[in-house]
Structures are given as C-alpha cells and as structure tokens.
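Undergrad: sequence unknown, structure follows:
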C-alpha cells in the first residue's frame, strides 16, 4: 500500500497515488489493471440484477463489511410509513430488502435514521475517507471525491462484479487540474463554481478524465461545498472529481461513526497527508477559473453546460459558432419556452426544489434558511425542501430550520432523491418551470415536460421569495467582498449558524 | 457460466436484417428486477403474430437462431442477451452483429457466430427445407453444420476461449483470487468497514 511507492521519485498526482495504492494486479498487453474497491454503496435501482446474477452463479458477496445499502431513488418523501403506491418502486425496494437479508448486507431502510441519499449517507457515517476507492451503481458517486477518494459510478454488471470480487478491471484515467484561485464573493457558492466549470469545458470536456479541483477557492470551501463540486464532475463527462484532503477534511471526519479512532486516527492522518498531488506533478490537461469574477450562476438550457451568470440574458443561438451546439441551443430554447435575449431575472418559476445529492446537506439547508428566514414565499410558487438524509432532517429540526422553512410557506419533506429525477411521486407537471438545486436539467428529468433551471441553494431561496430567478444580491444582501465570511460557510450568515459539526 | 464446446439442436431461420435490441426485447421489460425469466419478452412484438417463425410448432425447443445481417444493433441493454439465453438459444448466427451486443453475448455465454451472408442463405435453405432438423455448432472447429452442409464461422480468439472455458467476467477476475486475498492482508486496519455497525459518538444529541 502506501509503503510500496516504487515510483516515488516521479512527482505524482492525487489520482495516481490512490490508483497505485489499490493495484491488485497490473494489466499487461493492453489488458486492464485490477483495482481494489474499499467501499461499495448500493441502492435499490441498479442492484437487483446484480444480486440475481450472484444467486444464479452461486456466488457470495466477498466483503459484506465493505458494502452498505440504502433506499433513496424510489422512496416517497411524504407518509413514509404507508406502503409505496407505485408497483415498480415498491418491488425494487422490497427486492433490495430481500437481497440485503440474504447476502448479509447492511441496509438503512426508509424510517431508519441513517436512511437517505446514498451519497449523503456515506460521508455522514464517516465511511467515505481520503485515499479510498468508492463505487456505486450511480453516476453521482463522484461526490465522494471531495474527501480525496477515487469515486465513480458503475453499471449493474460491474455492481455484480464488485459484490463478487471487491475489485474492478479498469484502464487508468487521464488527469485534469481545475484551478480555482481567488475569493468567492458573498452569495457565490460551490454550486456556482461547478456550473461555471461545466459551462467552460462542456458536458463532454471531462470525458476520460479524473478532475482534481485545486486552488485557494477550493481550499476555502467546507466539505459540503466540496461535495457539491465533485458531485457534478459527471456532468462535465468526467469519471471522477477529487479534492486533496486537508485539515477541513479531517475536522469533518473526526468523531464520525466509522472514522478511525486513537492510534488508528493518527496512522490514517499520517497517510492522508501523503496524498496531495506532488509539487511538479503533471496533469494531462489544466483549466483555470477566476473565483473573484464569479457571480451566481444559472442554466438556461437542457444540459448542465448551458449556463451563464444570472445577471445575463438567455443567449442567442445565432451567436454560437459550433453548429452542433447551436442546434442544441435552439432545441433547448424551444423546450424551455425561452426567447433569446430575455434577461434571466425576468423568468418566472412555478416551483423551487431544494434538495438532491448535489445540495441537500445541512449547510445547504442552513444557507437556504438564512435567506428565507422571516419571509414569505412568492405567491403561486411551490417550494419543496427535501433533506438528503434522515439524519440531516433531524439535525435541521434540532436547529429549528424546519420551522423557518414551513413558516416561509415551503414543504418540509422526508429524505430521498425526490424531484431530482422524479422516480417517486415528486414531479413537475408538464410545462412547469423549476429553479432546482439538483444536477441535471435534461428534458423531462423532473417530470414529463418539466423545465429545470439549475441553481445554488442561495439562488433557490431568493427565487422562492421573488418568484423570478434571483440571487441574494437582488435582495440587497452581500454585494461586496468585505461581507465574505470564513472557510466553511456557503451562505451569507456565518453568525446565523450553529458552530461546527454536531458530532 | 456453462462451458460450451458444441451445441446441437433445432435451428430457427429468422429472415430479417437489422434486428435491433428494441425488437429483441422492448423497453417495457427493463423494469424487472431479475436477470432471468425474460423468455416471454423475447421478440415480444413479433410473437403476437401466430405466423411468426418462433411460434411454429416445428421450431419449438430451438437452440440456434440464424438471422440476417446486423443483428443486435441499437440500445446497449444486456437484457437482449438474457432474453435469448432464457428462451433457450445457445447460439445466434448472423453475417454481422452490433458491437455492444456481441460483447454482451460473449460475457453471458451466448455464442455470436459470424458467417458470410451467402452461407446464411444456404443455412436458411437447409433448415427451411427440413424444419426441425438438428444443426450442430462446433466452437472448437468454428463450424456450423446442417445436414450435408458445413460452413465456417468467425469469432474472436479471446471470446472463444472464454466460452470454451465457461468464464464470465467475474470468473476471469476470480482467477486472480490469490492476488486479491494477498492485497487484502495488507489493507490497513484503519481503512473503513461498514460492519460491525458503529454508532456516532454523540448520536444522543440528535
């Protein structure tokens, strides 16, 4: 493992270090490497056939102690004690329960306090740690890279492969450095950084790469913010996104249920401190983003790369040089029912969705609540707040955030993926327009005919107040750098927050 | 996965080209939670027609499907191979396969035997002249025989070896089981484990 650094003479990237520390067998003659998997996260949608395959072949799960399952994609966010109405949803959840029992897998079911979106659950339990490999049958597994883990989504056949062997045959990825230097202005958050990155490199720009987010603006982010960024790496086409671990990472982890303790903690930290990319390590590609110049960002189209600053207008497809992108923009504007040149701030919404594995952690809820506190939502706008996990929900309620949210006129729901992808009843009606803190603005993603604008929790909150796409700047909040708060605050009101993590 | 050396059984002539995976198994069947039991889903649309070749009594219990060019194009769904296997087919013979389908077939123990188009025509002629005649596919010799006719087929060496040895992806990896076990003995004790379940230190505060 960490001691066998045969190529220590050559400067290496974070991704290369994690890869080589998990090499079970080096590939030869073009065959892939065999990579060990430290943590396998399982949910109800992509696992049934994998377990069925094991059953057919008479194979056990090799390492139930490196595997954990939760119910998230299909789960209702209302009346969670009632049977699930949709037959397919219910079957998938019942199948997961049966499989977990049969194969000895730890499962957090609906109603359990550790239940929630798989990418919120892993970190909050302290299972996601620096330098590990994490897989899940879900593309947003990239979230866990925020800890300096190598984390990526896999298909159902690969889920079966990992269950049976705890390994995957993989060809090495290329590396791309995303340098984000400077200081975010108040009201600008991690979500705006990643939307700007995707707008810059495109939805295919990261294909074949592991992205490493670096620079002073990344170092200043909390873990929740780093998770937001790594989460959407897949929307740039990348296999994974990573941030080197540091004191912020360790402070988040310490004391969590499955974090190392005592001497083991010290040994772990000593190892984690070796993971950062070496001085002079070379990346296959580099991209730079100026954090000082960033503004609250919003998407106008039907892929996450179709975004601009909120102060701008809907772009005119005629000004786009690339013919494929131009055609895509024309189609997007038609679907979104938007005219080129419309100021984004003039766009009215029908709904606001605050949730998803991108933005449903406690800091996201605090940021959202800090803006809406003591206010009323715009008339006719439906506002839904869905915490990422049952624990986040409990934590928010302990801080009184649920009261802020319901007083505002918003719905306070139970944990799950919810309206991010509408596999449960939480969906947009045809033609409805939504400001959403989720990760995908694809056609029909949030409900057939639904129209999605991807935004940060702060923009979601301001939009819910005004009824049109808005940022806290439009409420007269935090327009200058002097109001910028310290490291781990995604929002504007450091003083409003409970100090530190409550564990 | 079963080792395959030769397959002998009834062959079905499917006189169609560009049979995409949506025809092999429609999307509505993708919601299921099993990897087996897709036999009823195979060619679901076409089988509603009583005259469809699979519905004819002389072709029941078939093991070999002889199809026109470009079989298995379109969607990547692995279910297409599962459905063919569940129905009882061990071999699909065609003059050209969709790439992803061919890859999926090799991994799931279905032989995708590629023969020249004129040989497809000759095979069709033999099995249609004598419906229900036994056809033999020899993976060692790479031949398809029907009555007096024997034609050669192509399959890449790696896939053929895997089929002969009965190795799916997992079985292939498990050939390195010792290396995996060896790796695990060096895995640091502080690396995370999901079991036994540990409670947060201050869980009472929530």
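TA: That came through fine. None of the values given here were measured: they were computed from a predicted structure. Residues are numbered from 1 along each chain as shown, chains lettered A, B, ... in the order given.
Undergrad: contacts and neighbour counts: CA atoms only from here.
TA: OK.
Undergrad: tell me the contacts of the closest residue to chain A within chain B?
TA: Closest approach of chain B to chain A (Cα to the nearest Cα) occurs at residue B:200, with a separation of 4.0 Å. Contact analysis of residue B:200 by Cα atoms under 8 Å, 6 or more residues apart in numbering or on different chains lists A:125, A:255-258, A:503.
Undergrad: give me every residue in the stretch 251-400 of chain A lying close to chain B.
TA: Neighbours of chain B within the stretch 251-400 of chain A, by Cα under 8 Å from any Cα of the partner chain: A:255-260, A:264-265, A:267-268, A:391, A:394-395, A:398.
Undergrad: could you export those residues as TSV, including pLDDT, neighbour count and secondary structure?
TA: Formatted as TSV, these follow (pLDDT from 0 to 100; neighbours: other Cα atoms under 10 Å in any protein chain shown; DSSP: H, G, I helix; E, B strand; the rest coil):
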residue	pLDDT	neighbour count	secondary structure
A:255	95	20	coil
A:256	97	24	coil
A:257	97	21	coil
A:258	97	28	coil
A:259	97	25	coil
A:260	97	23	coil
A:264	97	15	helix
A:265	98	16	helix
A:267	97	15	helix
A:268	98	21	helix
A:391	97	24	helix
A:394	97	18	helix
A:395	97	20	helix
A:398	98	12	helix
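Undergrad: near residue A:93, how many other residues are there?
TA: Neighbour count for residue A:93, taken as other Cα atoms under 10 Å in any protein chain shown: 25.
Undergrad: and what of residue A:254?
TA: Neighbour tally, residue A:254, other Cα under 10 Å: 17.
Undergrad: remind me which residues of the chain are low pLDDT?
TA: I'll assume chain A. Of all residues in chain A, those with pLDDT under 70 make up the ranges A:1-8, A:478-503.
Undergrad: wait, chain B was what I had in mind.
TA: Scanning chain B for pLDDT under 70 picks out B:201-206.
Undergrad: hang on, the earlier thing: show me which of the contacts of residue B:200 is closest to chain B.
TA: Nearest to chain B, judged by Cα to the nearest Cα, of the contacts of residue B:200 is residue A:257 at 4.0 Å.
Undergrad: run through the residues of chain B sitting next to chain A.
TA: Residues of chain B lying close to chain A (Cα under 8 Å from any Cα) are B:1, B:31-35, B:169-170, B:173-174, B:177, B:179-180, B:183, B:186-187, B:189-196, B:198-203, B:205-206.
Undergrad: in chain A, which strand has the most residues?
TA: Using DSSP state E to define each element, chain A has its longest strand at strand A:174-181.
Undergrad: could you point out the helix or strand that follows it?
TA: Next in sequence after strand A:174-181, counting helices and strands by DSSP states H and E, comes helix A:190-201.
Undergrad: all helices of the stretch 351-500 of chain A, in order?
TA: A:362-372, A:390-398, A:401-408, A:457-466 (DSSP state H, counting those that start in this stretch).
Undergrad: what's the most buried one of those helices?
TA: helix A:457-466 (a mean of 29; mean count of other Cα atoms under 10 Å in any protein chain shown).
Undergrad: related to what we said a few turns ago, so which bits of the longest strand of chain A are buried?
TA: For strand A:174-181, the neighbour count (16 or more other Cα atoms under 10 Å in any protein chain shown) marks A:174-181 as buried.
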